[in-house]
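> make a model of this:
(4 chains)
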There are 2 protein chains.
Amino acid sequence: MEHELAAQRLAELGHTTRLAVFRLLVRAGRDGLPVGDIQKHLDVAGPTLSHHINRLKGVGLLTQRREGRTLYCVPQMDALRELTGFLESECCTLNVSE
Amino acid sequence: MEHELAAQRLAELGHTTRLAVFRLLVRAGRDGLPVGDIQKHLDVAGPTLSHHINRLKGVGLLTQRREGRTLYCVPQMDALRELTGFLESECCTLNVSE
DNA sequence: ATTATATTTCAATAAATATTGAAATATGGT
DNA sequence: ACCATATTTCAATATTTATTGAAATATAAT
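Residues are numbered from 1 along each chain as shown, chains lettered A, B, ... in the order given. Predicted coordinates:
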């Protein structure tokens, strides 16, 4: 995984609300959750939530799928795995040498 | 690991320069690196680097140790492990259920 | 067509963060 | 004491991000 993208994803996850959104989605599983459901959990104004969801979407941490009036947010687990992989990829030096 | 701290650490790592600093340190291993050495790698002004190092320090991702005039930055691997652990902790739902 | 629901876009403001030159501090060598 | 090296603090400015009410859009139900 590329450095810049990793930094961007970390930055997006590095915000309380967005981290909460993302973790909700991960817990929810493959189907994801409607924006409205997320909002019920999080006490933020609609536009604020929309903004944060778009940022997560912008770095590929979630995608959206519409079902009628309901817009689902779906976590992209591969993106998360890439990211944790990236973070751990330099650890070996330290772990192995002791 | 607590949500707020995780978000803070993610935010600090979510900046190109800081991520580069941190990864340099991880690669360097237990002894860490002098601030000056970091600067040689990174093309940033001293005060800028100092600022970023302090932010990483502020969330426990590194500590410092002085040897004479030289100030070493030492990566805190436990903090990183806590963080990756936190990120992965909600994954199980998704991974197990398929 | 009208109405209700779900979510977004717009526009404005507030708050946080990044960047850097210049000056200050700390340490060690002469 | 003086000088050089290593790094930080200060102060100012620029940039980015967050937040929200109001208005707009999209979809579905009647």
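
> what's in contact with the strand or helix carrying A:A7?
Here A:A7 is covered by helix A:3-13, with elements defined by DSSP states H and E. The set of residues that contact helix A:3-13 without belonging to it, under Cβ atoms under 8 Å, 6 or more residues apart in numbering or on different chains, is A:18-19, A:22, A:55-56, A:58-61, A:79, A:82-83, A:86-87, B:7, B:10-11, B:13-16, B:19-20, B:87. Bear in mind the C-beta positions are built from the backbone N, C-alpha and C, glycine included.

> so which of these sit within helices?
With helices taken from DSSP state H, the overlap with the contacts of helix A:3-13 comprises A:18-19, A:22, A:55-56, A:58, A:79, A:82-83, A:86-87, B:7, B:10-11, B:13, B:16, B:19-20, B:87.

> quick one: A:L25 is in a helix?
Yes: the assignment for A:L25 (DSSP: H, G, I helix; E, B strand; the rest coil) places it in a helix.

> for it, give me its contacts.
Counting by Cβ under 8 Å, 6+ apart, A:L25 makes contact with A:32-33, A:38, A:62, A:73-75.

> tell me how far it lies from A:S89.
Computed as Cβ to Cβ, to the nearest Å, the A:L25 to A:S89 distance reads 25 Å.

> for A:R27, the count of nearby residues, please.
When neighbours are defined as other Cβ atoms under 10 Å in any protein chain shown, A:R27 has 15 of them.

> from B:R30, how far off is it?
Taking Cβ to Cβ as the criterion, A:R27 is separated from B:R30 by 36 Å.

> same thing with A:L42?
Distance of A:L42 to B:R30, computed by Cβ to Cβ: 40 Å.

> pick out whichever of those two has more residues nearby.
Between A:L42 and B:R30, counting by other Cβ under 10 Å, A:L42 is the more crowded of the two (15 against 11).

> could you find the closest non-adjacent residue to that one?
Spatially, and ignoring its direct neighbours in sequence, A:L42 is nearest to A:A20 (6.0 Å; Cβ to Cβ, 6 or more residues apart in numbering or on different chains).

> spit out the contact partners of the one you found.
A:A20 makes contact with A:41-42, B:3 under the criterion Cβ under 8 Å, 6+ apart.

> distance to A:H51 for the residues you listed - can I get that in a markdown table?
Putting those into a markdown table (distance: Cβ to Cβ, whole Å) gives the following:
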| residue | distance to A:H51 |
| --- | --- |
| A:H41 | 17 |
| A:L42 | 13 |
| B:H3 | 20 |
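
> what's the closest of those residues to A:G68?
Closest approach to A:G68 among the contacts of A:A20 (Cβ to Cβ): A:H41, at 21.3 Å.

> nice, that's everything, thank you.
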